[in-house]
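# below: sequence and its predicted model.
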Amino acid sequence: MNTEIYKLFLECFPQFPMTEAVFNRLLDTDKCEIITHGESGKLAGFTAVDGNCIRLICVSPEFRGKGIGHTLMQKSEELIAKNGFKKAVLGGQDSEFFIGAVTPEEQWKNMQNEFFENEGYRARNGCLEMRMNMSDFDFEGLDIPPCPDNVTFGYISKDRKDELLTAVEKVSEEWVQYFTFDSPIFAAEIDGKIAGFCIVDIDVDTIISTDKNSVGMVGCVGTVPEHRRKGIGLAMAANAVQDAKQKGCDEIFIHYTYLDWWYGKLGFKTFLHYWFGEKELQKMISHKFYNELPDEAKLIRNEVFVDEQGFYDEFDDNDKKCLHVVLFDDDIPIATGRTFPESGSTYTIGRIAVRKPYRGKNIGAEVMKLLETKVKELGADTTAVSAQCRAQGFYEKIGYTASGDIYFDQYCEHIHMEKKI
């Protein structure tokens, strides 16, 4: 199965042609729980879950647009909740693989990710990954500010660990944990005292590693506060990159940064944008389909459409031929919807109702996805809704397009909308 997962990863992310061994090590496939989804006898998608982190999700381009990504996310969240966690995290900043959700640049600029936001995830920030081919790095020709003549650069020994950690703590207490000397420490010194530091790794496995390149990493670049704004940090990073180049590295990888403008002065280019999405998990929401209108659906629809919205003719003959779904919070019915075949391969979805305490939690979108997935299994390729105009934005957000004129159903303005599924 690991080989199938690896091949699907390459299909979804061809820009990362790492070897299978590197893929398994960075993702830590032996530790992750792999959730798979098959279609037509083929692996159509998978997620890799470690603790409360969804390390990776892949859906084959051949099978996208069928709700497989949503199904995999739902199963992953169920597993995370079952294991006692209250929050699901995309990627995970301790990961050696993707540390967040890989996001198109235009969405990332607005700190958005359409797919994961539709799944209920939110992010306050993200980061960048950068790289540079060493054939493009001209150390002598760099156009960077000069640093003081009394600054020297080089690696420091383990017997200076206490001095190093004191300097690191002045820059970032959080970074102290990373300076273990498992990797070499490159430093800038003034009169024998540490003025700046960074971690340098030579020939390491990264997400840009292939079987044809040797990758180095420069990270946790810091300058002690009293020595800042003198060009020391940039000169130190440049010297560290030059050293890695001389030691045979073909590329240098900058992991987890926001400073694209700063590293750009050395020639690094951004190639990846991460969105640090998280989702607070609710209690386990279950669902059940019915071939007849159940009492639970009647209860919810009376509460929402009759009592709240004032519709007086809520139940109709279509209810007798509909497939109904009810969502439950434990044993409490919280939302409902129905569907029936309209004509050809088009199914109508309607009577989407969510009880007040559960609104604003993507429950309505969940009802729609359940019904769309079900009718897709029944042979539908299009779903239609008679949408209240005040809910038009909700349906547009989940992929529906309006057509025709506005019309009245009882007292309320409606519009026809459709979606290819």
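Sure thing, it's come through.

# what's next to the strand or helix carrying Tyr263, contact-wise?
Following DSSP states H and E, one finds Tyr263 within helix 260-264. Contact partners of helix 260-264, identified using C-beta atoms under 8 Å, 6 or more residues apart in numbering, comprise Leu128, Met130, Leu234, Ala237, Ile254, Thr257, Phe268, Thr270. All C-beta spots, glycine's among them, are computed from the backbone N, C-alpha and C.

# filter those residues down to the buried ones and hand me the ChimeraX line.
Buried residues among the contacts of helix 260-264 (16 or more other C-beta atoms under 10 Å), as a ChimeraX selection:
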select :128,130,234,237,254,257,268,270
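
# show me the contacts of helix 260-264 that map onto helices.
Here DSSP state H is the test, and these give Leu234, Ala237 as lying in helices.

# any idea which of the contacts of helix 260-264 is closest to Val168?
Of all these, Ala237 has the smallest distance to Val168: 15.8 Å, by C-beta to C-beta.

# verify the stated contact: the closest one with Ile199.
No: counting by C-beta atoms under 8 Å, Ile199 is not a contact partner of Ala237; they are 11.3 Å apart.

# which residues do the two both contact?
With C-beta under 8 Å, 6+ apart, Ala237 and Ile199 have common neighbours Val218.

# check which element follows the strand or helix carrying Thr373 along the chain.
Here Thr373, judged by DSSP H and E, is contained in helix 363-377. For helix 363-377, the following helix or strand on the C-terminal side (DSSP H and E) is strand 382-388.

# can you list the strands that that following strand pairs with?
Here strand 382-388 is paired, per DSSP bridges, with strand 346-354 (parallel), strand 412-420 (antiparallel).

# related to what we said a few turns ago, mean confidence for the helix holding Thr373?
On average, the pLDDT along helix 363-377 is 95.

# same thing with stretch 251-262?
Mean per-residue pLDDT for stretch 251-262: 97.

# distance between it and the chain's centre?
20 Å (C-alpha atoms, centre = their mean, to the nearest Å).

# got it, and stretch 197-210?
Worked out by C-alpha atoms, centre = their mean, stretch 197-210 lies 23 Å from the chain centre.

# just the C-alphas of that stretch, formatted as CSV.
Provided in CSV are the C-alpha atoms of stretch 197-210 (Å, rounded to 0.1, in the frame of the first residue of the first chain):
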residue,chain,number,x,y,z
PHE,A,197,24.1,32.1,14.5
CYS,A,198,22.3,29.7,12.2
ILE,A,199,21.8,25.9,11.8
VAL,A,200,23.4,24.4,8.7
ASP,A,201,22.6,20.9,7.4
ILE,A,202,24.5,19.3,4.5
ASP,A,203,23.0,16.6,2.2
VAL,A,204,19.8,16.1,4.1
ASP,A,205,16.4,14.7,3.1
THR,A,206,13.9,17.4,2.4
ILE,A,207,10.7,17.8,0.3
ILE,A,208,12.9,19.1,-2.6
SER,A,209,15.3,16.1,-2.4
THR,A,210,15.5,13.8,-5.4
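
# for this structure, what's the longest strand?
Ranked by number of residues, the top strand in the chain under DSSP state E is strand 332-343.

# in contact with Arg25, which residues?
Applying C-beta under 8 Å, 6+ apart, the residues near Arg25 are Glu96, Asp205.

# how close does Trp275 sit to Asn125?
Distance of Trp275 to Asn125, computed by C-beta to C-beta, to the nearest Å: 9 Å.

# between those two, what contacts are shared?
Common neighbours of Trp275 and Asn125 (C-beta under 8 Å, 6+ apart) are Met111.

# so what are the domain limits for the protein?
Using automatic domain parsing, the domain parsing of the chain gives 2-99, 130-275, 285-420.

# any chance of these in a markdown table, plus distance to Asn113?
Formatted as a markdown table, the domains of the chain follow (distance: least, C-beta to C-beta, whole Å):
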| stretch | distance to Asn113 |
| --- | --- |
| domain 2-99 | 9 |
| domain 130-275 | 4 |
| domain 285-420 | 14 |
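
# secondary structure class for Phe181?
coil (DSSP: H, G, I helix; E, B strand; the rest coil).

# what residues sit buried inside the longest strand of the chain?
Pro333, Ile334, Ala335, Thr336, Gly337, Arg338, Thr339, Phe340, Pro341.

# check those and tell me the two furthest apart.
Among the buried residues of strand 332-343, Ile334 and Pro341 lie farthest apart (C-beta to C-beta), at 26.6 Å.

# enumerate every residue touching Ile406.
Here Ile406 is in contact with Cys389, Glu413, His414, Ile415 (C-beta under 8 Å, 6+ apart).

# check contacts around the closest residue to the second one other than its chain neighbours.
The shortest distance from Glu413 to any non-neighbouring residue, by C-beta to C-beta, 6 or more residues apart in numbering, is to Cys389 (4.2 Å). When the contact criterion is C-beta under 8 Å, 6+ apart, the partners of Cys389 are Ile406, Cys412, Glu413, His414, Ile415.

# in ChimeraX, how would I select the buried members of those residues?
Remark: buried members of the contacts of Cys389, expressed as a ChimeraX selection using 16+ other C-beta under 10 Å:
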select :414,415
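
# in TSV, list the contacts of Cys389 along with distance to Gly360.
Below are the contacts of Cys389 laid out as TSV (distance: C-beta to C-beta, whole Å):
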residue	distance to Gly360
Ile406	26
Cys412	21
Glu413	23
His414	23
Ile415	23
